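K.L.:
Could you look at this predicted model? Sequence included:
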Protein chains: 2
Amino acid sequence: METRATFAVVPATRVKRQPGRASYDRLKAYAILDEALYASVGFADGDTPCVIPMAFARHGDRLVLHGATTSRLQGMLAAGRVCVSVTLLDGIVLSRSAMHHSLNYRSVVVFGRAEELTDEAEKRAALAAIVDHVLPGRSAETRPPNALELRATRVFSLPIEEASVKERSGGPLEDEADLELSYWGGVIPVALAASPPVDDAKHAPRVPPPRGALRYTRGATK
Amino acid sequence: METRATFAVVPATRVKRQPGRASYDRLKAYAILDEALYASVGFADGDTPCVIPMAFARHGDRLVLHGATTSRLQGMLAAGRVCVSVTLLDGIVLSRSAMHHSLNYRSVVVFGRAEELTDEAEKRAALAAIVDHVLPGRSAETRPPNALELRATRVFSLPIEEASVKERSGGPLEDEADLELSYWGGVIPVALAASPPVDDAKHAPRVPPPRGALRYTRGATK
């Protein structure tokens, strides 16, 4: 299938509220997915929706997820449509009025059916992507999964096709009349920040932390 | 209804995977809910699960959510069971083996049926809680909702009863044999960090930023 630069808009992904904040740009979605450390994955368990934070990775034009074979979650991943939601917080927007308070954020939502990967090479590549997602290159600097671990792990892959981006940036929107009021308006920027790496206290490591852990950042622009 | 210090365990909230990481302690759940800036709210839209990031607040023993009356989301909030999922990231766990890589986190999931608030005083109190959730005391330092804004906004309230906490902390779990390997093991701590507040660039504020915005932190212990 051809990879399109823009996602086709389907009923599940059409952003109706504040469509000016929506985008269907694939590269924009990929940048957000690559920066996020975890995804909130939603399943419908009968009439009960269920949302679980999960490690994940973008692997080319697909999302990959994994879990223990014994997990109820993995059964639900296999069973029906899923929704993978990722959000990055950029700021707290304080307005002169209560109702114009807001958050600055970048978010992606991906819908679809997850396909289980059963081929060993495909499973290994997806699991390496999940490790490299938290620290690029890390999968080459750790013991790879052994046969037992591979058997105990189910891996799922979801095409990034039914997807949309929604984001807000900038200062508060204000009603004209509110500008007379003596309340502050502006943004408190927020971002995920890393501290220096901490050695395993139980078993002192034999080597120093990897370079990428020393000044750890997420996102291409930071 | 009596407020219990521990949530009753029901099928939706029973943590089966790694039950040692689970808790049903109300105060622990409240601390996590109060620290999180947004929630990932899940609905079942027919057979399609849908997960949306939303502002929220804990208002006593309930969660409150709001949105425009015209929003499709609000219709789904009113229609059936919802799942509110909140996650705080505390660290990236690097292990000597790929499969023991992990994330340190604190998360809460709340299931239930949301009830729409229609009483004006109740709506006002819930909306004030949502503003105060991002900055304590802020609802008293901003113009309150007017009649038009109140009419255009639906507010929902969800009891915090079907709820569970799941968290991971500490260093990597390692297989004994892997400790011989020359790979680093430990944690990169991460946390949401705020920068100094930025004045509204479009309309210069007439007053300085509120005190709580100057050294903005989340969570009681920080």
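P.N.:
Yes, it's here.

K.L.:
Which strands or helices does the lowest-mean-pLDDT helix or strand in chain A pack on?
P.N.:
The helix or strand of chain A with the lowest confidence, counting by mean pLDDT, DSSP states H and E, is helix A:72-79 at a mean of 76. If you count contacts as 3 or more CB pairs under 8 Å, 6 or more residues apart in numbering or on different chains; DSSP states H and E, helix A:72-79 packs onto strand A:39-45, strand A:48-54, strand A:62-68, strand A:153-159. Placement of C-beta: from N, CA and C, glycine included.

K.L.:
could you check the angle strand B:39-45 makes with the following helix or strand past it?
P.N.:
Counting by DSSP states H and E, the next helix or strand C-terminal to helix A:72-79 is strand A:81-94. Interaxial angle of strand A:81-94 relative to strand B:39-45 (axes from the mean of the first three to the mean of the last three CA atoms, to 10 degrees): 140 degrees.

K.L.:
What is strand A:81-94 packed up against?
P.N.:
Judged by 3+ CB pairs under 8 Å, 6+ apart, the packing partners of strand A:81-94 are helix A:26-35, strand A:39-45, strand A:102-113, strand A:186-194, strand B:39-45, strand B:48-54.

K.L.:
what do you get if the cut-off is 6 Å, keeping everything else the same?
P.N.:
When contacts are defined as 3 or more CB pairs under 6 Å, 6 or more residues apart in numbering or on different chains; DSSP states H and E, strand A:81-94 packs onto strand A:39-45, strand A:102-113, strand A:186-194, strand B:48-54.

K.L.:
Run me through the strand neighbours of it, direction for each.
P.N.:
Under the criterion DSSP bridges, strand A:81-94 sits next to strand A:39-45 (antiparallel), strand A:102-113 (antiparallel), strand A:186-194 (antiparallel) in its sheet.

K.L.:
does any part of stretch A:137-156 sit near chain B?
P.N.:
Yes. Stretch A:137-156 reaches chain B (CB under 6 Å from any CB of the partner chain) through A:141-145, A:149.

K.L.:
One more: stretch A:169-183?
P.N.:
Yes. Stretch A:169-183 reaches chain B (CB under 6 Å from any CB) through A:171-172, A:178-179, A:181-183.

K.L.:
mind putting those residues in CSV, neighbour count included?
P.N.:
Formatted as CSV, the residues of stretch A:169-183 next to chain B follow (neighbours: other CB atoms under 10 Å in any protein chain shown):
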residue, neighbour count
A:171, 21
A:172, 21
A:178, 17
A:179, 16
A:181, 18
A:182, 9
A:183, 20
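
K.L.:
mind checking the longest helix of chain A?
P.N.:
Counting residues, the longest helix found in chain A (DSSP state H) is helix A:120-134.

K.L.:
what's the next secondary structure element after it?
P.N.:
helix A:147-151.

K.L.:
distance between that next one and the chain's centre?
P.N.:
Relative to its chain's centre, helix A:147-151 lies at 26 Å (CA atoms, centre = their mean, to the nearest Å).

K.L.:
Show the pLDDT at the residue lying farthest from the centre of chain A.
P.N.:
In terms of distance from the mean C-alpha position of chain A, residue A:180 ranks first, at 40.3 Å (CA atoms, centre = their mean). Note on residue A:180: pLDDT of 94.

K.L.:
quick one on the thing from earlier: now the least confident helix or strand of chain A: buried residues?
P.N.:
By neighbour count, with 16 or more other CB atoms under 10 Å in any protein chain shown as the criterion, the buried positions of helix A:72-79 are A:72-74, A:76-77.

K.L.:
Touching, residue A:85 and residue A:109? I think so.
P.N.:
Yes. Using CB atoms under 6 Å, residue A:85 makes contact with residue A:109 at a distance of 5.0 Å.

K.L.:
any shared contact partners between these two?
P.N.:
Taking CB atoms under 6 Å, 6 or more residues apart in numbering or on different chains as the contact rule, residue A:85 and residue A:109 have no neighbour in common.

K.L.:
For residue A:93, which non-adjacent residue is spatially closest?
P.N.:
The shortest distance from residue A:93 to any non-neighbouring residue, by CB to CB, 6 or more residues apart in numbering or on different chains, is to residue A:102 (4.1 Å).

K.L.:
quick one: the one you found from residue B:147, how far?
P.N.:
21 Å (CB to CB, to the nearest Å).

K.L.:
Between these two, tell me which one has more neighbours.
P.N.:
residue A:102 (19 against 8; other CB atoms under 10 Å in any protein chain shown).
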